[in-house]
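pasting the sequence and the predicted coordinates here, then a few questions.
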Amino acid sequence: MSNAEARMTFTEHLGELRARIIRAGIAVIVSVIACYVFSNQIFELLKKPLQTIEQAKQTAENGGLPGAQTQRDAANPAEQRAAKGPPQWVNLTPLEWVLVKFKLAGYGGITISFPIILYQICAFVFPGLTQQEKKAARILIVGCGSLFVAGVLVAYFGVLRLVVPYLLEWTPPDVVNQFRTSETIAIIIKFLLAFAVAFQFPMVVLILVYMGLLTPAALKRFRRVAIVVMAVLAAMFTPPDPGTMIIMLAPLLILYEASIWISYLVVRHKGKAASA
């Protein structure tokens, strides 16, 4: 191949890369704008786990008017907490709510447009891969995406909805719960992302086993140690309640056991490929 042909090929690759980047950028911009338009609905969705069951019942009993019952009329601390109504969200600066809307639009836009971004990356890279590499890449993409969604769903519908109301119940009767909007939303988003990243553990194991850096026997040998470590982590990040601890520990145990089975499948596949 001559230098002119090499330069032309390189130029064509740059042109394709630029087109892929532009398409991905357009997808991000459109998604961010759409999330900004619906940022109020996204905010309502994210703050739901911080609504305690007792407070919701009290609000319904008071005809939709939180705090209709005064603390002096409450007969016990639990009723006093319920009488205060739902937690209050506060903005400490005039621009805080606008910044929260931008934050929700940014996180939401990147999340929604990520499949399109990933598709553009794959469309640019895949032509240079072998069939086996393409197959491995597809498995990683589907696996990581599915586990990401599973982690977010478990965190939102499982951990947040059960742990946060329990934490709010610790609040003394004479203390009103007030959440700064920007900081609280950031905590919720980071919590969801933390679970999404933690659920990638089976895929990490798959890669390490495929590279020969980890074996199924090693995973089984250190199972007890892993269970103790996961139990300690679950106890540290949950209230001192066995039920709540189990809620967080159960997904981690399932992921570890799934990782062992995945490692066996990878080793078996590598053995068949080597003997073929």
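Done, it's in.

the stretch 101-250 of the chain: helices as residue ranges?
131-153, 161-168, 181-198, 201-210, 216-221, 223-236, 242-275 (DSSP state H, counting those that start in this stretch).

among the ones you listed, which is nearest Phe38?
Across the helices of the stretch 101-250 of the chain, the minimum distance to Phe38, taken as CB to CB, is reached by helix 181-198, at 14.8 Å. In this view, the C-beta of every residue, glycine as well, is placed from N, C-alpha and C.

buried ones in that closest one?
Residues of helix 181-198 classed as buried: 181-182, 184-185, 188-189, 191-193, 195-196, 198 (neighbour count, 16 or more other CB atoms under 10 Å).

extract the CA atoms of that helix and return them as CSV.
The C-alpha atoms that make up helix 181-198 are tabulated as CSV, following Å, rounded to 0.1, in the frame of the first residue of the first chain:
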residue,chain,number,x,y,z
THR,A,181,-32.5,19.3,47.4
SER,A,182,-29.2,19.3,45.6
GLU,A,183,-27.2,17.2,48.2
THR,A,184,-30.0,14.7,48.7
ILE,A,185,-30.6,14.1,45.0
ALA,A,186,-26.9,13.6,44.5
ILE,A,187,-26.8,11.0,47.3
ILE,A,188,-29.7,9.1,45.8
ILE,A,189,-28.1,9.1,42.3
LYS,A,190,-24.7,8.0,43.7
PHE,A,191,-26.4,5.2,45.6
LEU,A,192,-28.1,3.9,42.5
LEU,A,193,-24.9,4.1,40.5
ALA,A,194,-23.0,2.4,43.3
PHE,A,195,-25.3,-0.6,43.1
ALA,A,196,-25.2,-0.6,39.3
VAL,A,197,-21.4,-0.7,39.5
ALA,A,198,-21.4,-3.4,42.2
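
tell me how many other residues crowd the residue nearest to Val164 when sequence neighbours are not counted.
Of all residues beyond its chain neighbours, the one nearest Val164 is Pro49 (4.9 Å), with distances taken as CB to CB, 6 or more residues apart in numbering. By the measure other CB atoms under 10 Å, the count of residues near Pro49 is 19.

next one: Val37
Counted by other CB under 10 Å, the residues lying close to Val37 total 11.

pLDDT wise, what is it at?
According to the predicted model, the pLDDT of Val37 comes to 95.

any idea how far Tyr156 is from it?
Relative to Tyr156, Val37 is positioned 22 Å away (CB to CB, to the nearest Å).

can you check Ala123 too?
As defined by CB to CB, Ala123 lies at a distance of 31 Å from Tyr156.

higher neighbour count, those two?
Neighbour tally, Ala123 and Tyr156, criterion other CB under 10 Å: the higher count belongs to Tyr156, 18 against 13.

wait, that one touches Leu192, no?
Yes - using CB atoms under 8 Å, Tyr156 is in contact with Leu192, at 6.3 Å.

re the thing from before, return the member of the helices of the stretch 101-250 of the chain having the minimum mean pLDDT.
Among the helices of the stretch 101-250 of the chain, helix 161-168 carries the lowest mean pLDDT, a mean of 73.

contact partners for Ile246?
Contacts for Ile246 were tallied using CB atoms under 8 Å, 6 or more residues apart in numbering; they are Ala234.

distance of it from Ile189?
Between Ile246 and Ile189 the computed distance is 25 Å (CB to CB).

if we can go back for a sec, how about the helices of the stretch 101-250 of the chain in TSV, adding distance to Tyr119?
Rendered in TSV, the data for these read as follows (distance: least, CB to CB, whole Å):
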stretch	distance to Tyr119
helix 131-153	9
helix 161-168	33
helix 181-198	19
helix 201-210	19
helix 216-221	33
helix 223-236	35
helix 242-275	25
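
to Leu99, which of those helices lies closest?
Between Leu99 and these, the shortest separation by CB to CB is 6.1 Å, and it involves helix 181-198.

what's that closest one in contact with?
Outside of helix 181-198, the residues that reach it under the criterion CB under 8 Å, 6+ apart are 43, 46-47, 49-50, 89-91, 96-97, 99-100, 103-104, 107, 147-149, 151-152, 154-156, 159-160, 252, 255.
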